[in-house]
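Student: no letters, just coordinates:
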Ligand code: PMP
Ligand code: GLN
């Protein structure tokens with residue numbers, strides 16, 4: 001393994017899911033639903049396979065049906081207009097969109113400012129691009145970005161801001177004011193913005209997801225990324241996409257060509273249908289997840305966790321210091337044996353180890369009975 005990837009041997013998600021399997025624990029670690037997405041979308045995939053649509057290499061930018069559906073989705077939810085031929089790229093999940101964007105847009109030595117705790121692939125892809133990550137720490141209990149701090153982190157080497165809203169793992173959803181301030185800095189310093197919005201439809205209460213691409217001066221400098229995994233509960237399908245101005249899409253497409261060339265064909269047709277589901281699908285999905293958030297939130301509080309209520313995503317971040325454990329990773333390694341539950345230590349997503357030392361993340365995208373069982377098991381921690 002080269003020096004760029006030193007220390008990135010196995011992702012924390014793979015490690016903790018393996019631990020769950022090995023110990024027979026309830027896996028509230030890696031974020032994937034235990035109920036598959038809509039039946040009609042699955043049927044659409046089967047139909048595409050049977051009818052021979054996408055069984056051979058699909059077009060590099062993605063099948064036209066899906067590119068058109070992505071354009072309609074951006075218009076319907078955000079009033080953003082994109083050209084399906086020049087401003088959309090289908091990728092192998094958001095993961096490839098992130099990798100291809102960073103590999104295409106960064107020069108070695110460039111600095112990238114990203115929130116920490118950061119989704120783990122950001123650190124790896126910035127490293128593979130030979131660039132340097134500069135963290136802006138989101139701190140408990142509110143996990144809001146300090147915009148003066150952001151301004152102070154910008155140097156002549158800063159090339160790109162890597163945003164994630166709703167944010168994994170803290171559940172922070174950037175407000176209109178925060179987005180405006182970030183956009184103003186991007187314009188002032190002529191920075192690119194890559195924004196990971198895979199949780200765009202998973203927002204709760206009064207929080208609203210707003211794409212930064214919709215702000216003045218941002219459309220031409222923003223690469224927006226999303227995926228079907230979270231919105232439609234098909235994390236195994238790995239269909240993602242990029243929307244951006246033509247020059248940016250062309251750059252990302254150049255990198256994508258040599259990473260995967262194209263993305264899996266039949267699933268693209270099915271995701272095109274998913275993106276056209278009626279508004280009620282999105283609203284029901286959101287309220288169901290919000291209810292699950294509340295269920296797990298209550299269970300964790302009863303079990304003695306300090307809980308930071310998320311505004312979006314699949315995840316609840318907690319602090320485990322109240323259990324006399326300062327090290328989140330040690331806590332998570334021991335948790336299966338103590339009570340048969342698996343979680344993710346947020347500490348591995350920070351450069352500032354002190355800031356996230358005792359934070360542990362639990363996912364709530366599981367059946368109610370599983371969440372209830374886990375909450376009951378976690379009560380044993382205090383026994
Ligand atoms: N970004 C974030 C913030 C995520 O949490 C995830 C996956 N859970 C991804 C990207 C990757 O998405 P995909 O599975 O579509 O590659
Ligand atoms: N994004 C998912 C999570 O945060 C995991 C995806 C992965 O394993 N790379 O749990």
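Tutor: Yep, it's here. These numbers come from a predicted model, not from an experiment. Ligands and ions are numbered 1, 2, ... in the order given.

Student: who's in contact with the residue of the stretch 1-150 of the chain found nearest ligand 1?
Tutor: Residue of the stretch 1-150 of the chain nearest ligand 1, by Cβ to the nearest ligand atom: residue 93 (2.5 Å). All C-beta atoms are positioned from the backbone trio N, CA, C, and that covers glycine. Applying Cβ atoms under 8 Å, 6 or more residues apart in numbering to residue 93 gives the contacts 227, 229, 238-240.

Student: in helices only, show me those.
Tutor: Counted as lying in helices by DSSP state H, out of these, are residue 229.

Student: filter the contacts of residue 93 by proximity to ligand 1?
Tutor: By Cβ under 6 Å from any ligand atom, the members of these lying near ligand 1 are 227, 229, 238, 240.

Student: which one of those sits closest to ligand 2?
Tutor: residue 229 (8.0 Å).

Student: excluding sequence neighbours, find me the nearest residue to that closest one.
Tutor: What sits nearest to residue 229 in space, not counting adjacent residues and going by Cβ to Cβ, 6 or more residues apart in numbering, is residue 235, at 4.0 Å.

Student: OK, contacts around that neighbour?
Tutor: Contacts of residue 235 (Cβ under 8 Å, 6+ apart): 31-33, 229.

Student: same check on residue 335?
Tutor: Contacts of residue 335 (Cβ under 8 Å, 6+ apart): 25, 341-343.

Student: among the residues you listed, who's most crowded?
Tutor: For the contacts of residue 335, neighbours were counted using other Cβ atoms under 10 Å, and residue 343 has the most, 28 neighbours in all.

Student: got the phi and psi for it?
Tutor: Main-chain torsions, residue 343, degrees, to the nearest 10: phi -140, psi 180.

Student: how about residue 45?
Tutor: Phi and psi for residue 45, reported as degrees, to the nearest 10, are phi -70, psi -40.

Student: mind checking how far it is from residue 211?
Tutor: 27 Å (Cβ to Cβ, to the nearest Å).

Student: coming back round to it: and the pLDDT for the residue nearest to residue 229?
Tutor: On pLDDT, residue 235 comes in at 97.

Student: just checking, it is part of a helix?
Tutor: No - looking at residue 235 with DSSP: H, G, I helix; E, B strand; the rest coil, it is coil, so not inside a helix.

Student: how about the secondary structure of residue 360?
Tutor: strand.

Student: I'd assumed residue 317 was in contact with it.
Tutor: Yes - Residue 360 sits in contact with residue 317 when judged by Cβ atoms under 8 Å, with a separation of 7.4 Å.

Student: identify the residues contacting the helix or strand residue 77 falls within?
Tutor: Taking DSSP states H and E as the criterion, residue 77 maps to helix 64-78. Helix 64-78 has contacts (Cβ under 8 Å, 6+ apart) with 61-62, 80-85, 87-88, 90, 200, 210-211, 213-214, 239, 241, 243, 268-269, 271-273, 275-276.

Student: what does the following helix or strand past it contact?
Tutor: On the C-terminal side of helix 64-78, the closest following helix or strand by DSSP H and E is strand 88-91. Contact with strand 88-91 is made by 61-63, 66-67, 70-71, 82, 97, 100, 239-243, 249, 252-253, 256, 260, 263, 268, as judged by Cβ under 8 Å, 6+ apart.

Student: so which of the contacts of residue 235 are also by ligand 2?
Tutor: Among the contacts of residue 235, ligand 2 is touched by residue 31 when using Cβ under 6 Å from any ligand atom.

Student: turn the contacts of residue 235 into JSON lines, including neighbour count and secondary structure.
Tutor: Converted to JSON lines, those look like this (neighbours: other Cβ atoms under 10 Å; DSSP: H, G, I helix; E, B strand; the rest coil):
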{"residue": "31", "neighbour count": "23", "secondary structure": "coil"}
{"residue": "32", "neighbour count": "18", "secondary structure": "coil"}
{"residue": "33", "neighbour count": "19", "secondary structure": "coil"}
{"residue": "229", "neighbour count": "23", "secondary structure": "helix"}
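
Student: return the member of the contacts of residue 235 nearest to ligand 2.
Tutor: Checking these one by one against ligand 2 (Cβ to the nearest ligand atom), the nearest turns out to be residue 31, at 3.3 Å.

Student: tell me the spacing between that closest one and residue 218.
Tutor: 28 Å.

Student: surely residue 182 and residue 218 touch.
Tutor: No - using Cβ under 8 Å, residue 182 is not in contact with residue 218; the gap is 9.2 Å.

Student: higher neighbour count, those two?
Tutor: Neighbours per residue, other Cβ under 10 Å: of residue 182 and residue 218, the larger number sits with residue 182, 26 against 21.

Student: what helix or strand is that one located in?
Tutor: Assigned by DSSP H and E, residue 182 falls within helix 176-188.

Student: helices or strands next to that helix in the packing?
Tutor: Contact here means 3 or more Cβ pairs under 8 Å, 6 or more residues apart in numbering; DSSP states H and E; on that basis helix 176-188 packs against helix 147-153, strand 158-164, strand 192-196.

Student: buried ones in it, by neighbour count?
Tutor: Along helix 176-188, these residues count as buried under the neighbour rule (16 or more other Cβ atoms under 10 Å): 178-186.

Student: now do stretch 43-56
Tutor: 44-45, 48-49, 53-54.

Student: also stretch 234-241?
Tutor: Under the neighbour-count criterion of 16+ other Cβ under 10 Å, stretch 234-241 has 234-235, 237-241 buried.

Student: ranges for the strands of the stretch 151-300 of the chain?
Tutor: 158-164, 192-196, 222-227, 240-243 (DSSP state E, counting those that start in this stretch).

Student: can you redo these as CSV with distance to residue 327?
Tutor: Formatted as CSV, those follow (distance: least, Cβ to Cβ, whole Å):
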stretch, distance to residue 327
strand 158-164, 25
strand 192-196, 28
strand 222-227, 32
strand 240-243, 34
